[in-house]
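J.: show me how the following folds:
(2 chains, ligands or ions: 2)
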Number of protein chains: 2
Amino acid sequence: RSYCSRVALTQGLLFKQLFESESSTYTYLLADTETKEAILIDPVLETIDRDLKLIHELGLNLKVAVNTHCHADHITSTGLMKKRLVGLKSAISKLSGASADIHLSEGDKINFGKHYLTVRETPGHTDGCVTLVLGDQSMSFTGDALLIRGCGRTDFQQGCAKRLYESIHQKIFTLPDHCLVYPAHDYRGQTASTVGEERKFNPRLTKSVEEFVDIMNNLNLPKPKKIDISVPANLVCGVHEV
Amino acid sequence: RSYCSRVALTQGLLFKQLFESESSTYTYLLADTETKEAILIDPVLETIDRDLKLIHELGLNLKVAVNTHCHADHITSTGLMKKRLVGLKSAISKLSGASADIHLSEGDKINFGKHYLTVRETPGHTDGCVTLVLGDQSMSFTGDALLIRGCGRTDFQQGCAKRLYESIHQKIFTLPDHCLVYPAHDYRGQTASTVGEERKFNPRLTKSVEEFVDIMNNLNLPKPKKIDISVPANLVCGVHEV
Ligand SMILES: [Fe+2]
Ligand SMILES: [Fe+2]
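T.: Ligands and ions are numbered 1, 2, ... in the order given. Purely as a prediction, here's the structure:
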């Protein structure tokens, strides 16, 4: 039953999955139910008011707003959120080349109360993509590296199909089968998967590396609509003064 | 911390939340990870292929496809799904007036493996609305009765604001605060709430019954686009031969 999804068992964890429909982006809020320390993953500019209202209602103390990579399809709200929440720090990988308060590298931990996320570098969609794994390995936030039954594209922003294949196999598929997979996007109404399911059913990643590279190099996708405004903005947390 | 969401702790439960973006409907798949017996809540005609593929991949034996009520905004896939899956039974409340293999009433149980859902009648949006509660009361599927920070409208299909207010207060807000709330719809990218959160933060249900009735009677919403085709179809499981 390794491919069966199940609800995670982490005690004392508050978890909210949120969706921004224009860019089909998932934002994730995690908090320690005791200390109220919270982190936010991949928040979107358009939904900043919804997200801040929820954080406020739940009485959370948002410590870190982290991006899994420098997004090309939407503008992050981390910069604007820093202006609205005193003490909030932005975070992104060092290899993204983007400015932020915290630059993340392989093995780094982001603490919130008794919980933490560990950084796994998973380049291939971009050089600076990371996957964030909850301390007990019950949840992974895979950004645009691994999507549900799909993966991030590799045809712009330092994309490299071979690197993405290796990242997913070496850094994500080595997690426990029951580890939940929460991607940065889904376009088909799917909300979560598991490592076991993706190892078994992902139509691209179950192929050989050669076949995968071939698939990825022949997708012929249009350029993301917002890439020319999103990438420069996201290099500075979505605002021009960080 | 009663208003904090948390991930449910039910062992041996497979759970998938799925979204249909045209009608903003959530479909829920639940299964026993041992026996593979599964139930599906509020499946939508447009996403039948996605849902059947997932059920097949996960090796599930879908026993019952249940609608929380006779929907006005989309056509159910239960009728068509019965033609594709041998042995599948459709279910809806007796009070809905719709035909189905199983007619549900207050207190009825829908079993799948060692798990079950209990039926709570929660009329007000329609006469036949039910809320389905997991045996351990860790999850509730509230249909169009209680939505996240909102509720179903009461201006068509036997809608009655006072009845909806009483249903939610007597049948949903009496569940444990930590009980997760999974509605049939969300229009703002929210995926789940809890009973405790809604008791505390729902902008309509925290009002008095008089204020609630006043709010609901003055929403001035347009008629659902698909009501004239959806309701007649959903009275017969979405197909004209059940
Ligand atoms: Fe991306
Ligand atoms: Fe409805």
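J.: every contact and neighbour count from this point should use C-alpha atoms.
T.: Noted.
J.: any idea how far the residue nearest to residue A:48 when sequence neighbours are not counted is from residue A:221?
T.: Leaving aside its chain neighbours, residue A:48 sits nearest to residue A:77 (6.3 Å; criterion: CA to CA, 6 or more residues apart in numbering or on different chains). Relative to residue A:221, residue A:77 is positioned 26 Å away (CA to CA, to the nearest Å).
J.: and if you look at residue A:44?
T.: From residue A:44 across to residue A:221, the span is 23 Å (CA to CA).
J.: more neighbours: these two, which one.
T.: The neighbour comparison of residue A:44 against residue A:221 (other CA atoms under 10 Å in any protein chain shown) goes to residue A:44, with 21 against 10.
J.: isn't the more buried one up against residue A:73?
T.: No: contact criterion CA atoms under 8 Å: residue A:44 and residue A:73 do not qualify, at 10.2 Å.
J.: any idea which helix is longest in chain A?
T.: helix A:48-57 (DSSP state H).
J.: can I get that helix as CSV, trimmed to CA atoms?
T.: Extracted in CSV, the C-alpha atoms of helix A:48-57 (Å, rounded to 0.1, in the frame of the first residue of the first chain):
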residue,chain,number,x,y,z
ILE,A,48,-1.8,38.8,0.4
ASP,A,49,-5.0,40.1,2.1
ARG,A,50,-6.6,36.7,2.4
ASP,A,51,-3.4,35.2,3.8
LEU,A,52,-2.7,38.0,6.3
LYS,A,53,-6.3,37.9,7.5
LEU,A,54,-6.0,34.1,8.2
ILE,A,55,-2.7,34.6,10.0
HIS,A,56,-4.2,37.3,12.1
GLU,A,57,-7.4,35.3,12.9
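J.: for that helix, the distance to its chain's centre please.
T.: Centre-to-centre, helix A:48-57 and its host chain are 19 Å apart (CA atoms, centre = their mean, to the nearest Å).
J.: and it, what's buried?
T.: A:48, A:51-52, A:55 (16 or more other CA atoms under 10 Å in any protein chain shown).
J.: what does it rub up against?
T.: Residues outside helix A:48-57 that contact it (CA atoms under 8 Å, 6 or more residues apart in numbering or on different chains) are A:43, A:61-62, A:77, A:81, B:201.
J.: what is the rounded mean pLDDT of that helix?
T.: On average, the pLDDT along helix A:48-57 is 98.
J.: try stretch A:92-101
T.: Per-residue scores along stretch A:92-101 average to 97.
J.: show me the contact partners of it.
T.: Contacts of stretch A:92-101 (CA under 8 Å, 6+ apart): A:66-70, A:89-91, A:102-105, A:126-130, A:234-237, A:242.
J.: make a PyMOL selection of the buried ones in the residues you listed.
T.: Buried subset of the contacts of stretch A:92-101, written as a PyMOL selection, criterion 16+ other CA under 10 Å:
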select buried, chain A and resi 66+67+68+69+70+89+90+91+102+103+104+105+126+127+128+129+130+234+235+236+237+242
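J.: ok, now how distant is residue A:181 from residue A:126?
T.: Residue A:181 is 19 Å from residue A:126, by CA to CA.
J.: just residue A:11 next, same as before
T.: Distance from residue A:11 to residue A:126, by CA to CA: 34 Å.
J.: next: residue A:83.
T.: For residue A:83 relative to residue A:126 (CA to CA), the value is 28 Å.
J.: chain A: helices as residue ranges?
T.: Per DSSP H, chain A carries helices over the ranges A:48-57, A:78-84, A:161-167, A:195-201, A:209-216, A:227-234.
J.: any weak-confidence spans in chain A?
T.: Scanning chain A with the threshold set as pLDDT under 70 gives A:1-9, A:240-242.
J.: now with 50?
T.: Where chain A drops to pLDDT under 50, the residues are A:1-8, A:242.
J.: quickly list what residue A:139 is bridged to.
T.: residue A:180 (DSSP bridges).
J.: that one contacts residue A:131, correct?
T.: No: look at residue A:139 against residue A:131 with CA under 8 Å: they stay out of range, at 10.4 Å.
J.: what about the two, which has more around it?
T.: Neighbour totals were compared for residue A:139 and residue A:131, and residue A:131 leads with 29 against 26 (other CA under 10 Å).
J.: find the nearest non-adjacent residue to that one, please.
T.: Per CA to CA, 6+ apart, closest to residue A:131 is residue A:142, 4.5 Å.
J.: now the one you found: how far from residue A:149?
T.: Going from residue A:142 to residue A:149 by CA to CA gives 13 Å.
J.: of those two, who's got more company?
T.: Per other CA under 10 Å, whichever of residue A:142 and residue A:149 has more neighbours is residue A:142, with 27 against 18.
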